[in-house]
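Participant: have a look at this fold, sequence not included:
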């Protein structure tokens, strides 16, 4: 495994931000929602964090390639604040607001569970009757597994059913009906029993789809109408719908989905005919109304949808932590309920207390958004002083500036793979392109924690106090050796802001050997996009132009150049690059069919936006 691959695998998930902060002063008074919001925005914590260090929300979004995020916080039984950050569509650059709709993914389940329990409360269904009693449109295949599948066992995932989740459908694909999904005529297996009922917890989104059909059969209503009449309207969730596909003309302020690189997916988002388990479009602010309903039930009160007795059913866990549509966990001995969600290009999570009226809902529009959700939840827990949610920090060992300077230098793993250790005022920083500078915190014995990650750097072979090699904990057997300026690779010229020399040398290397992996198109493009992200637009542009000079018939190279010009606000140059990309796509044999579709969709959408006169 190369150090670049190891570094990519690690840092795509755990990477700290450009503006990691150290706070030594006492915290300001947090006596207003605005003050608490500002404190959360600057206090994000990774799962492994160094005491005294925190980092900012917007920078963390950039590093994790999450284009947009929306957050709502509940305090003392009411919405304290809600806000959106970033963009809802990387093609248009339109901002996320607190009113922007996101796909709730599996958070659809607890909201839909509320409707199921409401129908049971009305006597239309029986939670403990065989589901086949009111499921007319589909018959669950007979099996030798014991037990009766009921709405209750479907809600708490003890029915022993298969089909955990769903990939969704592109918006222009034929969309199967819910019954066809259960019969295996979609892109998931046919629903079947594969274990005894109540033998253990087994998560089944397919079971929830079956319950969706059963509720429609029992009421004679389509599923969105059930949700509107039983839950969304009574709770005042006016910015929520289970319509699939989403009628975008009715909901223009909706988010697009984005992949792991932060790029908009083909068609903008996937369609989920599995409405009960994955079909809700909503906002964190609207989800607070659902949370407040459940908190009223947890306190033993009647809610707007359910009475206290049915609420007790919902919040009584089996197998330790599974309620009816919700998961229940303890923090510092106190119960909290919640659920996470994962659709293609959308990640989200929420957590709320049984008592005290506290909660947080986070929704993102990127496939790397789950880590960001957890960072935000930990920041909210810290600012609002919710005990039991933040792991113990790693302790920093003080070191004098002169000691720290001994570690600074360039350390090479191999050709053009160089870790740059620099001393910045009072701390060490590590950078290895295509990644940003990351602070290093000394924790003893020549070991430094990479702040904001679970990883550390070990230095060794000290000569007169100066280390000659280093390794990172995700690849401990691969050692980088200290190199001098005379032995520099082009990447070191980039790190030292000698862009013209780096470009000259890359072009020279490509001319000497076009197959040299150092000048591979994918590698250099990733570097250029990352440099652009880390606010070095001139360097990113020069490197992107270098790539198109090396690979003039490569559509992805021109797409990257278009992205660089777009982010710089150079409209005509961006249009020229995207037009070149579109011309090259049909003849570019290096593209897979999926790459071709996504590249063409993105280039057309970006050109439409640019030609309409948008910046």
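Facilitator: Arrived safely. Because the structure is a prediction, the values reported are computed rather than measured.
Participant: show me where the stretch 351-500 of the chain dips below the pLDDT cut-off.
Facilitator: 434, 485-487 (pLDDT under 70).
Participant: mind running it again at 80?
Facilitator: 425, 433-437, 452, 462-465, 484-488, 495-496 (pLDDT under 80).
Participant: the stretch 1-150 of the chain now?
Facilitator: For the stretch 1-150 of the chain (pLDDT under 80), the answer is 1-29, 63.
Participant: can you list the domains in the protein?
Facilitator: Domains of the chain are assigned by automatic domain parsing as 1-63+394-487, 102-367, 519-611.
Participant: mind putting the ones you listed in a markdown table, mean neighbour count and distance to residue 89 included?
Facilitator: In short, each C-beta sits where N, CA and C put it, glycine included. Output for the domains of the chain, formatted as a markdown table (neighbours: other CB atoms under 10 Å; distance: least, CB to CB, whole Å):
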| stretch | mean neighbour count | distance to residue 89 |
| --- | --- | --- |
| domain 1-63+394-487 | 17 | 15 |
| domain 102-367 | 20 | 4 |
| domain 519-611 | 19 | 8 |
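Participant: could you pull out the strands for the stretch 101-250 of the chain?
Facilitator: 102-103, 169-170 (DSSP state E, counting those that start in this stretch).
Participant: give me the helices and strands touching the last one, please.
Facilitator: The one in question is strand 169-170. strand 270-271 (3 or more CB pairs under 8 Å, 6 or more residues apart in numbering; DSSP states H and E).
Participant: now the domains of the chain as JSON lines including distance to residue 85?
Facilitator: Listed next are those as JSON lines, based on distance: least, CB to CB, whole Å:
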{"stretch": "domain 1-63+394-487", "distance to residue 85": "6"}
{"stretch": "domain 102-367", "distance to residue 85": "10"}
{"stretch": "domain 519-611", "distance to residue 85": "16"}
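Participant: so which of these is nearest residue 72?
Facilitator: Comparing these by their distance to residue 72 (CB to CB), the top pick is domain 102-367, with 3.5 Å.
Participant: okay, the most centrally placed residue in the chain and residue 67: tell me how far apart.
Facilitator: Residue closest to the average C-alpha location in the chain (CA atoms, centre = their mean): residue 369, at 1.0 Å. Counting by CB to CB, to the nearest Å, the separation of residue 369 from residue 67 is 9 Å.
Participant: how about residue 162?
Facilitator: On the measure of CB to CB, residue 162 and residue 67 end up 34 Å apart.
Participant: now swap in residue 30 and tell me
Facilitator: 29 Å.
Participant: just residue 34 next, same as before
Facilitator: Applying CB to CB to residue 34 and residue 67 gives a distance of 25 Å.
Participant: now residue 284
Facilitator: 16 Å.
Participant: same question for residue 543.
Facilitator: From residue 543 to residue 67 the distance is 22 Å (CB to CB).
Participant: swap in residue 50?
Facilitator: Distance of residue 50 to residue 67, given as CB to CB: 28 Å.
Participant: do the same with residue 557
Facilitator: Distance, residue 557 to residue 67, by CB to CB: 22 Å.
Participant: for residue 504, same thing?
Facilitator: Going from residue 504 to residue 67 by CB to CB gives 34 Å.
Participant: more neighbours: these two, which one.
Facilitator: residue 67 (27 against 14; other CB atoms under 10 Å).
Participant: does that one really touch residue 84, like I thought?
Facilitator: No. Counting by CB atoms under 8 Å, residue 67 stays clear of residue 84, with 11.3 Å between them.
Participant: re earlier: right, so of the strands of the stretch 101-250 of the chain, which gets closest to residue 530?
Facilitator: Comparing the strands of the stretch 101-250 of the chain by CB to CB, strand 102-103 comes nearest, at 25.9 Å.
Participant: where do the helices sit along the stretch 101-250 of the chain?
Facilitator: 108-121, 151-155, 178-182, 205-219, 223-227, 233-235 (DSSP state H, counting those that start in this stretch).
Participant: which elements pack onto the second one?
Facilitator: If I follow you right, that is helix 151-155. helix 108-121, helix 205-219.
Participant: quick one: contacts of that helix?
Facilitator: Identification of contacts with helix 151-155 by CB atoms under 8 Å, 6 or more residues apart in numbering yields 113, 116, 120, 125-129, 131, 147, 159-161, 197-198, 204, 207-208, 210-211, 214, 324-325.
Participant: before we move on, the earlier item: out of the helices of the stretch 101-250 of the chain, nearest to residue 258?
Facilitator: helix 108-121 (19.7 Å).
Participant: return the distance of the closest one from the chain's centre.
Facilitator: 27 Å (CA atoms, centre = their mean, to the nearest Å).
Participant: that helix to helix 205-219, inter-axis angle?
Facilitator: On the basis of axes from the mean of the first three to the mean of the last three CA atoms, to 10 degrees, helix 108-121 is oriented at 30 degrees to helix 205-219.
Participant: other SSEs contacting helix 108-121?
Facilitator: Using 3+ CB pairs under 8 Å, 6+ apart, helix 108-121 sits against helix 151-155, helix 205-219, helix 223-227, helix 275-278, helix 284-298, helix 308-314, strand 334-343.
Participant: so residue 412, which of the three states?
Facilitator: Put simply, residue 412 is strand when judged by DSSP: H, G, I helix; E, B strand; the rest coil.
Participant: so it makes contact with residue 489?
Facilitator: Yes. Counting by CB under 8 Å, residue 489 is a contact partner of residue 412 at 7.0 Å.
Participant: between the two, which contacts overlap?
Facilitator: With CB under 8 Å, 6+ apart, residue 412 and residue 489 have common neighbours residue 418.
Participant: hmm, back to that, which stretch among the strands of the stretch 101-250 of the chain comes nearest residue 467?
Facilitator: Per CB to CB, nearest to residue 467 of the strands of the stretch 101-250 of the chain: strand 102-103, 46.4 Å.
Participant: partners of that closest one, with directions?
Facilitator: Using DSSP bridges, strand 102-103 pairs in its sheet with strand 281-282 (antiparallel).
Participant: can I get the strands of the stretch 101-250 of the chain in a markdown table with distance to residue 94?
Facilitator: Shown next, in a markdown table, are the strands of the stretch 101-250 of the chain (distance: least, CB to CB, whole Å):
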| stretch | distance to residue 94 |
| --- | --- |
| strand 102-103 | 14 |
| strand 169-170 | 22 |
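Participant: out of these, nearest to residue 442?
Facilitator: For the strands of the stretch 101-250 of the chain, proximity to residue 442 was assessed by CB to CB; strand 102-103 is nearest, at 40.3 Å.
Participant: and residue 313, which of the helices of the stretch 101-250 of the chain is closest to it?
Facilitator: From the helices of the stretch 101-250 of the chain, taking CB to CB, the stretch that ends up closest is helix 108-121, at 6.8 Å.
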